[in-house]
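J.: fold the following for me, if possible:
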Amino acid sequence: MKRFFAAALIAAVAMPIMVPAASAQSQREVRRERQDLREERRELRDARRYGDRRDVRRERRDVREERREYRDAVQDRNRRWGDNDWRTHRGSNRGVYARGSWRAPFRYQGFRAGVRIAPTYYGSRYFISDPWRYRLPPAGRYQRWVRHYDDVLLVDTRRGYVVRAIRNFYW
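T.: Numbering: from 1, shown residues only. Next up, the predicted model:
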C-alpha cells in the first residue's frame with residue numbers, strides 16, 4: 001500500500017511537467033483527498049495500537065502531509081474567481097466550454113441585464129450546477145447561473161431579473 005502511494009505521489013509530481021493541466025480541484029478530487037486523509041488517520045490509529053514508535057512517527061508524518069494536501073485542495077476549490085477569469089480559462093480548456101447537444105423547449109432570445117424573464121428560462125433544469133468549473137464569479141444570494149443556448153445568465157431567482165448576461169460563452 002505504501003509503495004502504491006509513493007508511486008502515485010511521484011507520478012503526481014512528475015505529471016505537471018509532462019502534461020500541462022489546470023491546477024484547479026474538482027469536487028471529486030476534494031472528496032478523494034478527504035478519503036485519503038481518513039485512511040491515513042486509520043493507519044495512524046492502528047500504528048498506535050499495534051506498532052512501535054517508528055511506525056507511529058511515520059504515520060503521523062503521513063497524516064500531516066495528507067491534511068496539508070486536503071487543505072490545499074479545499075482552498076483551491078473555494079477560490080473566488082474574478083469577473084473575467086473565465087476568458088483566459090476558456091482558451092486553454094476548450095472542451096469544458098463545448099456547446100454539445102443542448103436543446104431547450106423555447107426559441108433563442110438574447111437577454112440583457114435588467115430584463116425580467118419567465119421562470120421557464122431559469123428552471124432548475126437550466127442551472128449551471130458547478131459554476132466554479134467554468135471560472136464564473138460566485139453567484140450572490142438568491143442568484144443562479146443559468147445556461148441559455150450559448151449564453152450564460154446570472155438570474156435573480158426571487159424576482160426573475162437578469163443580473164448579468166454573458167453572450168457566446170460556449171463554443
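
J.: end to end, how far does stretch 127-137 reach?
T.: End-to-end distance for stretch 127-137, by Cα to Cα, to the nearest Å: 15 Å.

J.: which parts of it are buried?
T.: 127, 128, 131, 132, 133, 134, 135, 136, 137 (16 or more other Cβ atoms under 10 Å). (Each C-beta comes from the backbone N, C-alpha and C, glycine too.)

J.: now stretch 42-58
T.: Buried residues in stretch 42-58 (16+ other Cβ under 10 Å): 43, 44, 47, 56.

J.: which residues touch residue 68?
T.: For residue 68, the contact set (Cβ atoms under 8 Å, 6 or more residues apart in numbering) is empty.

J.: let's see 10 Å
T.: residue 37 (Cβ atoms under 10 Å, 6 or more residues apart in numbering).

J.: tell me which stretches of the protein form helices.
T.: In the chain, the segments counted as helices under DSSP state H are 2-18, 27-50, 53-77, 85-92.

J.: and the ones you listed, which one averages the lowest pLDDT?
T.: Confidence, taken as mean pLDDT, is least for helix 2-18 of these (a mean of 51).

J.: check contacts around residue 52.
T.: Contacts of residue 52 (Cβ under 10 Å, 6+ apart): none.

J.: my bad, residue 110
T.: 148, 149, 151, 165, 167.

J.: one more: residue 121?
T.: By Cβ under 10 Å, 6+ apart, the residues touching residue 121 are 104, 106, 109, 111, 146, 148, 153, 155, 160, 162.

J.: ok, the fifth one touching residue 118?
T.: What it means is residue 146. No: with contact defined as Cβ atoms under 10 Å, residue 146 does not reach residue 118; the gap is 12.0 Å.

J.: of the two, give the one with the bigger neighbour count.
T.: residue 146 (23 against 9; other Cβ atoms under 10 Å).

J.: quick one: that one and residue 115, what's the gap?
T.: As judged by Cβ to Cβ, to the nearest Å, residue 146 and residue 115 stand 13 Å apart.
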